[in-house]
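> I would like the atomic coordinates for the input below:
(chains A and B)
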Amino acid sequence: MVNHNIPLHTVSTADSADEKKVWELLNTIPDPDIPVISIVELGIVRNVDVEEHHITITITPSYSGCPAMNVFTEDIRKVLTENGYADVRIKTKLSPAWTTEWIKEEAREKMRKHGIAPPENDPDGEFIFMQQKQVTCPRCGKTDSKLVSQFGSTPCKALWYCNTCDQPFEYFKCH
Amino acid sequence: MNTKEALINYSLRLADNSMIAAQRLAEWNSCGPYLEEDIALSNMALDFFGQAETMYEYAAQLSNNNSTADMLAFRRNERQYLNCLLVEQPNGDFAFTMMKQFLYSAFAKYLYEALSASNDETLKGFAERSLKEVKYHFRHSSEWLIRFGNGTEESLTRAQYALDELWRYTDDLFCMNQIDEELISTGISVSSDTIAAKWNFTVKETLQAANLIIPEKFNVIKGGYNGIHSEHLGHLLCEMQYLQRAYPDAKW
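Numbering: from 1, shown residues only, chains lettered A, B, ... in the order given. You can find the predicted model right below:
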C-alpha cells in the first residue's frame, strides 16, 4: 500500500517542480513590443500544466492581429526546448478575453520607467470628444494631457501628449 | 442544413466581413491624410485581419477536410464569399471610408456584444475579444464624422455624399437566412432584430450630432450573406488573392 502511494506522490512533486520552473522560464521571455516586461507580467500566460513531462501552456491573445503573438509562441518553444522541455503544447484560450487588469502591478511600474503610461482608471470606453479621460504622464506625473490618436505604434498603445512637458508619450490602452 | 454546416457558414461570414474590411483599410496604407491617421487605419486593418484569421481557423477546423485558414481566405471566389456588401465598397475619399467604418463598426459592436453570450465557446471568445477592438473603431469613426459635419462646407458635403451613397447597403447588414434560423434556434447566434434596433438608435444619434441627414432609402441592395455581391468584390479578390493563386502555398 505504502509502496503504491510513493511513486504517485513522487510524480506529482516532480510535476509541480517542473511547473514552477516553467513559470520561471516563461517569466524570462520579454514582450517583443515592450521588452522591459515579460509575457507572464503581461498576463497572457493563463495556465501551465505539467503531466509527466508533457507541458501544456494556455495563452490568451491580447489583440486579434497582434504580430507579437507569433513571436511569443516561438519564444516559448525555444526557451523551453533549450532548457530540456521538448514536449510542449501551446493552447489558445479566447474566453474570457484578455484584459489590462491582468497586467501585474510591478509591470506597470516598469512600463512607466520605460516611458509608457500604464493603463489607468476606467476602461477607455466609447467616450466621444469631451468625455475624454486624463492620463498621467510617465515622465512628470502630471495629468494635464491630451489624446493625439487612439492608435499607436502597436495595437496595445495610444498616442498622448503631455501639456506640462510639451512632449508626446505612449499610453497602454485600458480595457 | 445541420448545425455544424450552419456554424461553418456563419464563421465564414464573420471571417469574410473582417477580411474584406481589413483589405479595404489596408489599401490606405501609406496614403492616410497624415501620419497618425495612417497608423490608425493600418491598426484597424490589423485588428480585422486578426479577427478574420481566428474565424477562418475555426471554419477550417470544423470543416475537417484539410482546409486551412489561408485556403479559405485566398482560394474562394466571390460567390463563395459571405461578407456584407457594405465592407466591399471602394474606399472613395477619406470621408467615404470613415462613413463606411462608422456604419460597419456600429453594427459589429452590437453584433459582438450579442455574440458574447453565445453558447459556442469559440464564437463567444472571438466576440468578447473583438468587441474591445471595434469599440475603438466605432469611437474613431464617430469622432471623424462629427468633425466633418461641424467643419467646413466641403467636409460636410463629402460626409453627406458618403451617407447618401452607402445608406442603401445597410439593410443588408441585418439580413437573415436559413443559417441564422438554425443557429438562433440552437442558441449559438442571435436574431439581428435587436442588433438593428440598437444600431438604428446609435447611428441616428451620431449622424444628428454630425449635422448629417439620413436619406430616403432607394435602390436598396442585399444579398451579401448569400454570396451575391457588387462588382467591386471580384476586383478586390483579384488583388488580394493574386499571390496565392499564382504561387499556391507560397510562404512568407
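> does the residue of chain A found nearest chain B sit in a helix or strand, and which one?
Using Cβ to the nearest Cβ, A:Leu94 is the residue of chain A that sits closest to chain B, at 2.4 Å. For every residue, glycine as well, the C-beta is placed using N, CA and C. Using DSSP states H and E, A:Leu94 sits within no helix or strand.
> Let me see the contact set for it.
Counting by Cβ atoms under 8 Å, 6 or more residues apart in numbering or on different chains, A:Leu94 touches A:Thr60, A:Pro61, B:Thr54, B:Glu121, B:Thr122, B:Lys124, B:Gly125, B:Phe126, B:Glu128, B:Arg129.
> Ignoring the adjacent residues along the chain, who's closest to the most centrally placed residue in chain A?
The residue lying closest to the centre of chain A (Cα atoms, centre = their mean) is A:Leu42, at 1.5 Å. Leaving aside its sequence neighbours, A:Leu42 sits nearest to A:Asp31 (Cβ to Cβ, 6 or more residues apart in numbering or on different chains; 5.3 Å).
> ok, the one you found touching A:Val40?
No: using Cβ atoms under 8 Å, A:Asp31 makes no contact with A:Val40, being 9.8 Å away.
> Check the residue in the stretch 101-250 of chain B that chain A sits nearest to and give its pLDDT.
Residue of the stretch 101-250 of chain B nearest chain A, by Cβ to the nearest Cβ: B:Gly125 (2.4 Å). pLDDT, B:Gly125: 96.
> Please give the element, helix or strand, for it.
Here B:Gly125, judged by DSSP H and E, is contained in helix B:121-149.
> I'd like to know which elements that helix is packed against.
Under the contact definition 3 or more Cβ pairs under 8 Å, 6 or more residues apart in numbering or on different chains; DSSP states H and E, helix B:121-149 sits against helix B:3-26, helix B:35-63, helix B:94-115, helix B:153-166, helix B:192-209.
> Those into JSON lines, with extra columns for distance to A:Glu52, mean pLDDT and mean neighbour count?
Formatted as JSON lines, these follow (distance: least, Cβ to Cβ, whole Å; pLDDT from 0 to 100; neighbours: other Cβ atoms under 10 Å in any protein chain shown):
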{"stretch": "helix B:3-26", "distance to A:Glu52": "34", "mean pLDDT": "98", "mean neighbour count": "23"}
{"stretch": "helix B:35-63", "distance to A:Glu52": "27", "mean pLDDT": "96", "mean neighbour count": "21"}
{"stretch": "helix B:94-115", "distance to A:Glu52": "38", "mean pLDDT": "98", "mean neighbour count": "24"}
{"stretch": "helix B:153-166", "distance to A:Glu52": "58", "mean pLDDT": "98", "mean neighbour count": "18"}
{"stretch": "helix B:192-209", "distance to A:Glu52": "48", "mean pLDDT": "96", "mean neighbour count": "16"}
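> Could you dump these into TSV with distance to chain A added?
Output for the helices and strands packed on helix B:121-149, formatted as TSV (distance: least, Cβ to the nearest Cβ, whole Å):
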stretch	distance to chain A
helix B:3-26	8
helix B:35-63	3
helix B:94-115	8
helix B:153-166	16
helix B:192-209	8
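> of all those helices, which lies closest to B:Glu181?
When the helices and strands packed on helix B:121-149 are compared by Cβ to Cβ, helix B:3-26 sits nearest B:Glu181, at 8.4 Å.
> Can you list the buried residues in stretch B:166-173?
B:Leu166, B:Trp167, B:Arg168, B:Tyr169, B:Thr170, B:Asp172, B:Leu173 (16 or more other Cβ atoms under 10 Å in any protein chain shown).
> of all those residues, which comes closest to B:Arg76?
Checking the buried residues of stretch B:166-173 against B:Arg76 with Cβ to Cβ, the nearest one is B:Asp172 at 19.3 Å.
> What pLDDT is listed against that closest one?
pLDDT at B:Asp172 comes out at 97.
> ok, now which ones touch the nearest residue to it once chain neighbours are set aside?
Residue nearest to B:Asp172 in three dimensions, not counting chain neighbours: B:Lys222, with 4.4 Å by Cβ to Cβ, 6+ apart. Contact analysis of B:Lys222 by Cβ under 8 Å, 6+ apart lists B:Leu85, B:Asp171, B:Asp172, B:Cys175, B:Ile228.
> swap in A:Tyr63?
A:Pro155, A:Cys156, B:Leu46, B:Asp47, B:Gly50, B:Arg129, B:Glu133.
> Please produce a markdown table containing the residues you listed, extended by distance to A:Phe172.
Listed next are those as a markdown table, based on distance: Cβ to Cβ, whole Å:
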| residue | distance to A:Phe172 |
| --- | --- |
| A:Pro155 | 11 |
| A:Cys156 | 6 |
| B:Leu46 | 17 |
| B:Asp47 | 16 |
| B:Gly50 | 18 |
| B:Arg129 | 17 |
| B:Glu133 | 15 |
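> Now for B:Glu181, how many residues are close by?
14 (other Cβ atoms under 10 Å in any protein chain shown).
> Using CSV, write out every CA atom in the helix or strand hosting it.
Following DSSP H and E, one finds B:Glu181 within helix B:178-185. Taking C-alpha atoms only, helix B:178-185 is exported to CSV below (Å, rounded to 0.1, in the frame of the first residue of the first chain):
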residue,chain,number,x,y,z
GLN,B,178,-31.6,29.7,-43.0
ILE,B,179,-28.2,29.7,-41.5
ASP,B,180,-29.4,32.3,-38.9
GLU,B,181,-32.6,30.3,-38.3
GLU,B,182,-30.6,27.2,-37.4
LEU,B,183,-28.1,29.0,-35.2
ILE,B,184,-30.6,31.1,-33.4
SER,B,185,-32.7,28.1,-32.5
